[in-house]
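A.B. asks: Everything below, folded, please.
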Amino acid sequence: MELGRFIREDIAVHLALSPAEIEHAEKVLVLLRLLQPMPGDPDVLVPVAPDVATADLVSSAETQIRDLQQAVTDVRGRLMSLMPVYFEGRRLRNRLEAFDVITDPATVQSMLDHLSTHCRHEMASVAPGGARPGDVLQAARKSALGMRERGVAMRVVYQHTARSDLATRAYVRDVTAAGVEVRTADQVIDRILIYDRETVFLPKRETGDPGEENRRINGAIVVREPTLVAFVCSVFEHLWDGATPFVPDTSRAPAIADDLKQSILRLMAKGYKDEMVARRLGMSVRTCRRHISEITEELEATSRFQAGYNVALSRMLDQRAGPERDSG
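C.D. replies: Sure thing, here's the model as predicted:
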């Protein structure tokens, strides 16, 4: 800089550098644009101000960056302009694809896994029947804890009979500790799974053992139609409001037992056979008959008819607050 030009011999003497070091320094300075040929005399190199060298060195890159930014902005603008078309198409598609009927068990499970994995905000479910099978509980525990880790709110309604199963109580203890809300009711409707209030999963109605639907799902219908989804959500909220919190470490057995007793009496009064009473309350026929026997003994009756007569006299069915709705 002091000499005003890059003269190898003078710089070698001034800085005590070897010819190899001078050559290397020259290459670096030229590469950084700090040395440039003198106008009119390209064989002579002269120093350049750092700001000028910087502009010369990065201007090309800056131009490319600006061009890329503009290209990104253009692409984003064009694609975002398609949003109204997309949502209109999705609205029409929902009309055409309001329902998916699935009959293959593997496809059903794959759909359940997909909905659970992609659930963003809320998952609500109703599970009829009593005790949950061990493998079902294990899979449900993993799914529930995974959704809670993602911040998904979860609510589950079981039947009262699920409270008597130790494995189910352990499962409820684990998931409620993670923030899942669990309640039980004496009677519930068929199984329901609701994802983000957008998709409803209704397993195929089964015949046979009242707890069989808790074991395997062999068919289902997936509902996306907004009006019907909103209706199912309202049904769930109605069930939830009337259900009792399931807190495994507290004792509410007497209240739950009384609730079951009232339900059995009401169903018997409607003329339901033992098998139908058991199905409606999510218990085995043997357990149902045991409860009926205890009720009959408590009423000092020798037959179902006499039990019904004694119930009418004692006005036991009037002890429960609020009318019961027949879920059909």
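
A.B. asks: Which parts of the stretch 51-200 of the chain are strands?
C.D. replies: Using DSSP state E, counting those that start in this stretch, the strands of the stretch 51-200 of the chain run over 99-102, 122-126, 153-159, 181-185, 192-195, 199-203.

A.B. asks: Now mean pLDDT and distance to residue 79 too, for the ones you listed, in CSV please.
C.D. replies: The C-beta positions use only the backbone N, C-alpha and C, and glycine is treated the same way. Formatted as CSV, those follow (pLDDT from 0 to 100; distance: least, CB to CB, whole Å):
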stretch, mean pLDDT, distance to residue 79
strand 99-102, 81, 28
strand 122-126, 94, 29
strand 153-159, 92, 32
strand 181-185, 90, 40
strand 192-195, 94, 27
strand 199-203, 89, 26
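
A.B. asks: just so I know, which of the ones you listed lies nearest residue 14?
C.D. replies: Smallest distance to residue 14 across the strands of the stretch 51-200 of the chain (CB to CB): 76.1 Å, for strand 153-159.

A.B. asks: what are the pairing partners of that closest one, and which direction each?
C.D. replies: strand 122-126 (parallel), strand 181-185 (parallel) (DSSP bridges).

A.B. asks: export those strands to JSON lines and tack on mean neighbour count?
C.D. replies: Below are those laid out as JSON lines (neighbours: other CB atoms under 10 Å):
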{"stretch": "strand 122-126", "mean neighbour count": "21"}
{"stretch": "strand 181-185", "mean neighbour count": "20"}
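
A.B. asks: Need phi/psi at residue 224.
C.D. replies: Backbone torsions for residue 224, taken as degrees, to the nearest 10, come to phi -120, psi -10.

A.B. asks: circling back: would CSV of the strands paired with strand 153-159 with distance to residue 270 be doable?
C.D. replies: As requested, the strands paired with strand 153-159 are exported to CSV (distance: least, CB to CB, whole Å):
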stretch, distance to residue 270
strand 122-126, 22
strand 181-185, 18
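
A.B. asks: for this protein, what are the low-confidence residue spans?
C.D. replies: Applying pLDDT under 70 to the chain picks out residues 1-4, 10, 12, 90-91, 93-97, 205-218, 250-259, 282, 299-328.

A.B. asks: The most centrally placed residue in it and residue 151, how far apart?
C.D. replies: Closest residue to the average C-alpha location of the chain: residue 119 at 3.0 Å, with CA atoms, centre = their mean. Distance of residue 119 to residue 151, given as CB to CB, to the nearest Å: 10 Å.

A.B. asks: Which stretches in the protein count as helices?
C.D. replies: For the chain, the helices defined by DSSP state H occupy 8-15, 19-31, 50-80, 83-96, 105-118, 134-149, 166-177, 226-242, 253-269, 274-281, 285-298, 304-314.

A.B. asks: Tally up the residues packed near residue 24, please.
C.D. replies: Neighbours of residue 24 under the rule other CB atoms under 10 Å: 12.

A.B. asks: So that it lines up with my notes, have the first residue be 116 from now on.
C.D. replies: From this message on, residue numbering opens at 116, which makes the last subject residue 139.

A.B. asks: if we can go back for a sec, quick one, which of the helices of the chain gets closest to residue 303.
C.D. replies: helix 341-357 (6.1 Å).

A.B. asks: that older thread, surely the residue nearest to the centre of the chain and residue 308 touch.
C.D. replies: No: with contact defined as CB atoms under 8 Å, residue 234 does not count as touching residue 308 (9.9 Å).

A.B. asks: which ones are touching residue 176?
C.D. replies: Residue 176 sits next to no residue when contact means CB atoms under 8 Å, 6 or more residues apart in numbering.
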